[in-house]
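**Student:** Just need the structure, nothing else, for what follows:
(one chain, ligands or ions: 2)
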Amino acid sequence: MKTRSTLCYPDGEKSCFACCPPIRPPEYEHIRFKNFIHRELVRNTIEFKNSCPSKRPITGYSCWAMGYIDDRFRVPGCLLHPYLNQGKDLRYLVDYQDKCRRESCREYHIFALLREDEKKFYIRMTDGMDSFTYSSRRLNPLFRLLNWGETVLRAIARNGNSSPISFEELFELYPFLTTSHNPRACSYIVSEVISNRGVSIMMIRGFKEELDYFMSQIIEDLRGYELNKSNGEYYYKLPFQKDLLEFIRFGLGIKKLSKEDAHRVKTLLQRKINSYF
Ligand code: SF4
Ligand code: SF4
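**Tutor:** Ligands and ions are numbered 1, 2, ... in the order given. Sure thing, here's the model as predicted:
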């Protein structure tokens with residue numbers, strides 16, 4: 001049976017273990033303590049193989065059940081995961097079973113929406129990274145890239161030929177990906193532009209500068225509008241498509257908005273996109 005690639009276990013050569021254990025602060029990165037954690041994972045793996053695991057809570061930022069799931073000590077993973085224990089979930093042994101089971105990042109879910117060949121297109125850019133680098137949001141550009149969302153990522157993957165390219169080559173081909181704006185704020189706009197003008201616009205020199213200018217202008221224009229932010233709904237509950245809601249949250253910095261005003265934002269944004277691009 002063919003296994004599906006996930007962002008956590010992409011290719012059998014490495015894994016992401018950034019969210020283990022699920023009790024560390026968001027900015028924490030394992031790579032800062034690479035040597036120490038590597039030794040700890042080796043020790044956990046050997047101890048786990050040589051003894052019968054018993055109930056022990058997690059302490060600090062390390063978990064005794066995190067070890068290496070391959071013989072070469074390269075791929076970190078949860079030794080209590082049902083996948084490694086004949087379908088039995090043993091994570092109750094650390095007292096965090098539900099939290100461990102639920103833990104998944106936003107990027108994981110976006111990656112899961114892609115087709116296998118599209119996933120492969122992006123994962124090949126991480127060839128040569130070890131698990132510590134791959135797990136680092138600071139050092140692995142894939143995490144930021146995934147914030148462009150399914151539509152933009154799919155358009156790029158389908159536009160490429162099948163030969164592998166590096167992150168550097170990708171950013172050279174599609175300079176807009178290096179914008180200083182948050183990709184979550186821009187993805188609605190880029191998706192609309194692709195739908196109006198076709199995917200080739202993403203490769204045009206100058207599209208990055210146009211996008212940057214458009215973003216600054218639209219944010220300024222909409223900030224001048226009197227929007228009802230106090231009595232509205234939380235942005236993620238509004239009945240609009242997700243990337244538009246992310247423009248409202250991360251482009252305009254608005255957490256709550258009335259449905260009517262969200263609709264006004266959408267209409268104005270649409271009009272500006274159609275006239276500018
Ligand atoms: S029990 Fe497994 S999933 Fe939970 S923190 Fe430990 S290694 Fe991670
Ligand atoms: S941070 Fe995301 S990709 Fe990494 S292990 Fe957790 S869910 Fe998987």
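
**Student:** For ligand 1, see how far away residue 32 is.
**Tutor:** According to Cβ to the nearest ligand atom, to the nearest Å, residue 32 stands 18 Å off from ligand 1. All C-beta atoms are positioned from the backbone trio N, CA, C, and that covers glycine.

**Student:** Quick one, grab the pLDDT at that residue.
**Tutor:** Model confidence at residue 32, given as pLDDT, is 94.

**Student:** quick one: it is in a strand?
**Tutor:** No. Going by DSSP: H, G, I helix; E, B strand; the rest coil, the assignment for residue 32 is helix, not a strand.

**Student:** Check the gap between it and residue 22 for me.
**Tutor:** 18 Å (Cβ to Cβ, to the nearest Å).

**Student:** ok, those two, which is more surrounded?
**Tutor:** residue 22 (15 against 11; other Cβ atoms under 10 Å).

**Student:** Tell me how many other residues crowd residue 21.
**Tutor:** 21.

**Student:** my guess is it contacts residue 64, does it?
**Tutor:** No. In this structure, residue 21 is not within contact of residue 64 by Cβ atoms under 8 Å, at 9.8 Å.

**Student:** shared neighbours, those two?
**Tutor:** 58, 94 (Cβ atoms under 8 Å, 6 or more residues apart in numbering).

**Student:** hmm, the lowest-mean-pLDDT helix or strand in the chain in reach of ligand 1?
**Tutor:** The weakest-scoring helix or strand in the chain, judged by mean pLDDT, DSSP states H and E, is helix 97-102 (a mean of 81). Yes. Using Cβ under 6 Å from any ligand atom, helix 97-102 reaches ligand 1 at residue 100.

**Student:** which helices and strands does that helix pack with?
**Tutor:** For helix 97-102, there is no helix or strand it packs on, judged by 3 or more Cβ pairs under 8 Å, 6 or more residues apart in numbering; DSSP states H and E.

**Student:** what comes up buried for that helix?
**Tutor:** Going by neighbour count (16 or more other Cβ atoms under 10 Å), the buried part of helix 97-102 is residue 100.

**Student:** got the buried residues for stretch 57-67?
**Tutor:** 58, 62-67.

**Student:** could you give me the average pLDDT of that stretch?
**Tutor:** Rounded mean pLDDT across stretch 57-67 is 85.
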